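J.: how would this look folded up:
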Amino acid sequence: MTSAASSTVEPSDAASPAANVTADPPLTCAVLVPAFNEAGTVGEVVRCALASGVGPVLVVDDGSTDATAEAAAAAGAEVLRLPHNVGKGGAMLAAARAVRADVVVLLDADLVGLTPAQVRALAEPVCRGEADMTRGVFRGGRWHTTAAQRLTPQLNGQRALRRGDLLAVPGLRASRYGVEIVIGEHARRSGWRRLDVPLEGVSQVMKEEKRGLLAGIGLRAGMYRDILRALLTRGGKDG
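T.: Below is the predicted model:
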């Protein structure tokens, strides 16, 4: 796969031409979407991300057995197909290694209600140097995802941070669904400036809705296992 290009995110209040002579060049940005069997929703997430103007979109098809890759490509994303499932953390690492942008926006592939303005709201504080990492917080969407966010806001997968910072997170490769815990713990230890960004009206399709009740419960149990492992280990070996 050809590495995704990157584009610049300009500050909302652009500096004067005279100031730009000595200013640092604006940071480049790309959107990364790890996806496993998300053919039904990934296309809309890609279209929203592209409409934001933040940068190109790279979808990592994490060993899907459905038409995730085709749906993502049809919506305009570049697609990196992994030969077998490595988990969300491993897919995120592969995506970060494949792009050359300064800043990456991380989006889940099963989002509902996301807007281009919200993608920009995640990216801009990092691109302007106002935060080291932003984290989305669901509000006013479907009650079960909003309630889950109130209980465990650290598990939200919608974030923006410098690509180099993401690549430096220990244990990323093996973290699977525990990836948000691993990133959050590294951010805490490193003293990153963190900023929560409200995502009004945004929610996710539940696993039981996507896969059926029994299969969804099984997947959810596996997700909780990965999260518990990440909480118990608080990071891991570099990867």
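
J.: check contacts around residue 97.
T.: Applying Cβ atoms under 8 Å, 6 or more residues apart in numbering, we find residue 97 in contact with residue 167. Bear in mind the C-beta positions are built from the backbone N, C-alpha and C, glycine included.

J.: which SSE is it in?
T.: Here residue 97 sits within helix 87-98, counting by DSSP states H and E.

J.: That helix: what's the following helix or strand?
T.: strand 103-106.

J.: which residues sit against that following strand?
T.: With Cβ under 8 Å, 6+ apart, strand 103-106 has contacts from 9, 27-34, 49, 54-55, 92, 95-96, 119, 122-123, 126-127, 157-163, 166.

J.: what pairs with that strand, and is each one parallel or antiparallel?
T.: Sheet partners assigned to strand 103-106 using DSSP bridges are listed as strand 28-35 (parallel), strand 159-162 (antiparallel).

J.: can you dump the C-alpha coordinates of that strand into CSV?
T.: What follows is strand 103-106, C-alpha atoms only, in CSV (Å, rounded to 0.1, in the frame of the first residue of the first chain):
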residue,chain,number,x,y,z
VAL,A,103,-1.0,14.6,13.9
VAL,A,104,-3.4,11.7,13.7
VAL,A,105,-7.1,11.7,14.4
LEU,A,106,-8.4,8.2,15.6
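
J.: pLDDT at the residue nearest the centre of the chain, what is it?
T.: Computing the C-alpha centroid of the chain and ranking residues by Cα atoms, centre = their mean puts residue 106 first, at 1.7 Å. Residue 106 carries a pLDDT value of 98.

J.: I'd like the distance between residue 107 and residue 35.
T.: Remark: distance between residue 107 and residue 35 (Cβ to Cβ, to the nearest Å) = 10 Å.

J.: follow-up on the earlier one: please convert the strands paired with strand 103-106 to JSON lines, extending it with mean neighbour count, mean pLDDT and distance to residue 63.
T.: Shown next, in JSON lines, are the strands paired with strand 103-106 (neighbours: other Cβ atoms under 10 Å; pLDDT from 0 to 100; distance: least, Cβ to Cβ, whole Å):
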{"stretch": "strand 28-35", "mean neighbour count": "27", "mean pLDDT": "98", "distance to residue 63": "10"}
{"stretch": "strand 159-162", "mean neighbour count": "24", "mean pLDDT": "98", "distance to residue 63": "23"}
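
J.: can I get those strands in JSON lines with distance to residue 204?
T.: Listed next are those as JSON lines, based on distance: least, Cβ to Cβ, whole Å:
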{"stretch": "strand 28-35", "distance to residue 204": "13"}
{"stretch": "strand 159-162", "distance to residue 204": "15"}
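
J.: related to what we said a few turns ago, and the residue nearest to the centre of the chain, bridged to which residues?
T.: Assessed by DSSP bridges, residue 106 has beta-bridge partners residue 32, residue 159.

J.: Please work out the average pLDDT along the helix holding residue 97.
T.: 96.

J.: Now do that helix: distance to the chain's middle.
T.: Taking the mean of its C-alpha atoms, helix 87-98 sits 10 Å from the chain's own mean (Cα atoms, centre = their mean, to the nearest Å).
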